[in-house]
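> Predicted model and sequence follow; I will ask about them next.
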Amino acid sequence: MKEMIKSKYKWQTIQNDCKIEQEVSDQFKLTPIMRNILESKGYTTAEQIAQILDCTKQSAHEPGRLSDMEKVVNRIHTAIQKQEKILVYGDYDADGVTSTTIMVKTLQQLGAVVGWYIPNRFTEGYGPNELAFKNAYDEGVTLIITVDNGIQGHAEIEMIQQRGVDVIVTDHHEMGDTLPSAYAIVHPMHPDFDYPFHSLCGAGVALKLAQSLLDDIPKSFWIYAMIGTIADLVSLTDENRYIVRQGLKEINLQAPHAIAAILKQAQHQDDITEETIGFIIGPRLNAVGRLDDAALAAELLMTEDKEEALFLAEQVEHFNIERKAIVKTIVDEAMLMAEALIQEGQQFLVLANEDWHEGVLGIVASRIVETFHLPTMVLNIDQHQQHAKGSARSISQVSMFQALSAQQHLITKFGGHHMAAGLTLPIDQVDALRAALNDWMHNHVKGDELQPIQRVDVVLSTDDITVDQIQSIERLRPFGTDFNRPVFQVNQLTIQQCKAIGQQQAHLKLTFNEQHLQALFWNQGAFSNELMSGQHLDVTGTLQINEWNGQRTPQMILTDIKSNERQILDYRSKNKRLPLFDEAARVCFLIHPNRDKQSPHDYYYGEAIPEMYEKCIMRDLPLTLEDVQLSCRYLNTSQIYLVFQHQRSIYFEGLPQDDEFKKCYKALYQKGRTDLEKEGLALSQFIHVKPMMLKFILKVFLDLGLISQKNGIIEIVHSTDKQPIRSSRVYQARVQRIEVEKQLLYEEFGAIKSWIENELARNE
């Protein structure tokens, strides 16, 4: 069946043939909704469910199983004993600064002579930097420990190793075909070792090394590793669940001064969840390295002084505010560019401009992808260096790595994976790259494959949506990569109320008849113009509990909606303005036959409509209901807007009484000759009708040949061929007009909607 409200996503309900046995369900006290969620995510055995619900210390793997761990521990102890200078070499993102913090604090606790260094994103770039390593050597450093980087630093590591400095690489990023010639490599994916979990983040690897070096790690280390794990979007399964759970437990008991200061600046006073980390703490730690030197973020995390933490957190907050402003400016500019390219038919968006801050281009690319669901590259044009540099983000159906690999002849350098990449290329190759990537898309991806996919965990009825059931979902937290917050589908909900909310009317609030379920649809306030009470919707979204005035009620946060019902929308009120339609939308207008057509998409009521349209605007009030019925034969639109413009309503004036016709005719007959301009008002007062009704009566008499009118003078026409008043075409036209107004202007909307639906159905 054709979707009248098209879903943004292609909905895919996850099917899993394996079910949770009742005994296992009882063992873990699973509610029906928990059981359905776990089955959809493939957790059906007692062991698998325990990983989610009961991840304890047994969920963590032995640190000694990581590659080269014993060798690393021995080398570090030797360095401490000999008071060698150790440098911890980190990275500028949230995972990098938390990794650095864990490693530095571990070595300080052991009494090491330790310093730390975080490269500048803009002047030094990611990973080992030759000059930074040489400077460390000049300062007498004999041991460098990389955290959250190093696995790709072959040349730099070989150079410094040849100078007698040992390099211990601790990293989690993808390994190449060859490994750097470091003293030792601690990596969960090392091919020569069998560490059972490959998805630790940089801070997670640093935590494992700290556990190997210390008898008992500080509780704050769990917090730092948890922040790195969530901020770096690594898999929230297996050992990472244990790290995050431990971190959340500790941070809610006692947050380190740095974290408390960040939350104070952000005015966050509620419990700290994985969402707090993902949306408040992580972005702020990342903001510093995106705009400037990330050392500030590391200093904040390492300080033990509360006042210093507050001072540094204030600076971090300023960077975050600046980051938001920069992102908004660039996104606004990039959106306009993207819309223009889409109008040209492009499916791989390459957006480039001068003075776009390179530190935020990945965020901008992600926003463009969220809006248009097309692979997107955002580049800063640097005229001084004559290159374009930026970030690319993709969709699941398109491999960014493959797309860029096919265009290496145009690119100076790039690195990335399926969903994201960073790249640099000459300015004069930007247009060529845009054309080449669009050709690649045309050859490798079909248009119908570009619709994004919404994976639905469970299809629910409204009876399933209760406060207790939603509360039980919280037992499955934390949610994140590879264990996302469950998405539910609910079908055939009936809209009770729909309105736009927020300062800019940007968001949508819905109340459904079923269980009075409420729903919010962020950034979709425009739908308030398209949805009406009584309409049925299928929806997807997440569930939460809304607390207001001590009342706790279920609430759905929508991710998508669709409907197979044709929309008939009520725009008869003068206070309601038609929405602005997209230029690409196919819109036709039904107009009164006395109106001139202004475009080829204007049609008179009852006229054949040969083209296909998405929307039909019934702009003017028709002459007859039959004209509307005839138009319905030709309509196959998804939306019909009822406007019914008219100059003056006559419904409440009605029709003259027979006595009024008789009285008027008698007065005219007795006078013989009447000057309407001079005597019209007196005549209307005599027969007790308003001047407009007198005008109508006279038109009926003229139509029936009972009177003549010339230059405002009315005279009786003496004739034996008298006709009934109701036989007048003028009289019948008014009867029809009153019926049209009654049916289309003054009936309840539900009745009009049903009548039009019946007429449309008659012709399907």
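The structure has been received and is ready for your questions.
> For the residue nearest to residue 24 when sequence neighbours are not counted, list the residues it contacts.
Closest residue to residue 24 apart from its sequence neighbours, by C-beta to C-beta, 6 or more residues apart in numbering: residue 46 at 5.0 Å. For glycine as for every other residue, the C-beta is placed from the backbone atoms N, C-alpha and C. Applying C-beta atoms under 8 Å, 6 or more residues apart in numbering to residue 46 gives the contacts 24, 27-28.
> Could you tell me how far residue 497 is located from residue 505?
From residue 497 across to residue 505, the span is 15 Å (C-beta to C-beta, to the nearest Å).
> Over to residue 172?
From residue 172 to residue 505 the distance is 44 Å (C-beta to C-beta).
> same check, this time on residue 248
Taken as C-beta to C-beta, the span from residue 248 to residue 505 is 36 Å.
> More neighbours: which of these two?
residue 248 (22 against 12; other C-beta atoms under 10 Å).
> can I assume the more buried one is in contact with residue 281?
No. Using C-beta atoms under 8 Å, residue 248 is not in contact with residue 281, being 11.6 Å away.
> Not counting the lowest-mean-pLDDT helix or strand in the chain itself, show me its contacts.
Within the chain, no helix or strand scores below strand 413-416, which has a mean of 84 by mean pLDDT, DSSP states H and E. Outside strand 413-416, the residues that touch it by C-beta under 8 Å, 6+ apart are 392, 400-401, 404, 408, 421-424.
> try 7 Å
Identification of contacts with strand 413-416 by C-beta atoms under 7 Å, 6 or more residues apart in numbering yields 400-401, 404, 421-424.
> Stretch 440-458 too?
Contacts of stretch 440-458 (C-beta under 7 Å, 6+ apart): 8-14, 33, 36-37, 40-41, 347-348, 373-374, 395-398, 403, 406, 486-489, 540, 559-560.
> mind showing which ranges of the protein have poor pLDDT?
Along the chain, segments meeting pLDDT under 70 span 1-3, 57-58, 583-584, 720, 764.
> you'd agree residue 116 is in a strand?
Yes. Assessed with DSSP: H, G, I helix; E, B strand; the rest coil, residue 116 lies in a strand.
> So which bits of the helix ranked longest in the chain are buried?
Counting residues, the longest helix found in the chain (DSSP state H) is helix 306-343. Of the residues in helix 306-343, 308-310, 312-313, 315-317, 319-320, 322-323, 326-327, 330-331, 334-335, 337-338, 341 count as buried by neighbour count, 16 or more other C-beta atoms under 10 Å.
> how distant is stretch 62-76 from the center of its chain?
44 Å (C-alpha atoms, centre = their mean, to the nearest Å).
> returning to that earlier point: tell me the spacing between the residue nearest to residue 24 and residue 114.
45 Å.
> In terms of helices and strands, where is the spatially most central residue of the chain?
In the chain, the centroid-proximal residue (C-alpha atoms, centre = their mean) is residue 370; its distance is 6.0 Å. For residue 370, the enclosing helix or strand under DSSP states H and E is helix 361-372.
> quick check: angle from that helix to helix 306-343?
Here helix 361-372 runs at an angle of 50 degrees relative to helix 306-343 (axes from the mean of the first three to the mean of the last three C-alpha atoms, to 10 degrees).
> where along the stretch 51-200 of the chain do the helices fall?
Along the stretch 51-200 of the chain, counting by DSSP state H, counting those that start in this stretch, helices occupy 69-81, 94-109, 130-138, 154-162.
> of these, which approaches residue 237 most closely?
Closest to residue 237 of the helices of the stretch 51-200 of the chain is helix 94-109 (C-beta to C-beta; 17.3 Å).
> That closest one - contacts with which helices or strands?
strand 85-89, strand 113-117, strand 141-147, helix 202-213, helix 219-231, helix 282-291, helix 295-302 (3 or more C-beta pairs under 7 Å, 6 or more residues apart in numbering; DSSP states H and E).
> Only C-alpha atoms, please: export that helix in CSV.
C-alpha atoms of helix 94-109 as CSV (Å, rounded to 0.1, in the frame of the first residue of the first chain):
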residue,chain,number,x,y,z
ALA,A,94,38.4,12.6,25.0
ASP,A,95,39.8,9.0,24.8
GLY,A,96,43.3,10.4,24.4
VAL,A,97,43.2,12.7,27.4
THR,A,98,41.6,10.1,29.7
SER,A,99,44.2,7.6,28.5
THR,A,100,46.9,10.1,29.3
THR,A,101,45.5,10.8,32.7
ILE,A,102,45.3,7.1,33.7
MET,A,103,48.8,6.4,32.5
VAL,A,104,50.4,9.5,34.1
LYS,A,105,48.6,9.0,37.5
THR,A,106,49.7,5.4,37.5
LEU,A,107,53.3,6.2,37.0
GLN,A,108,53.2,9.0,39.5
GLN,A,109,51.7,6.6,42.1
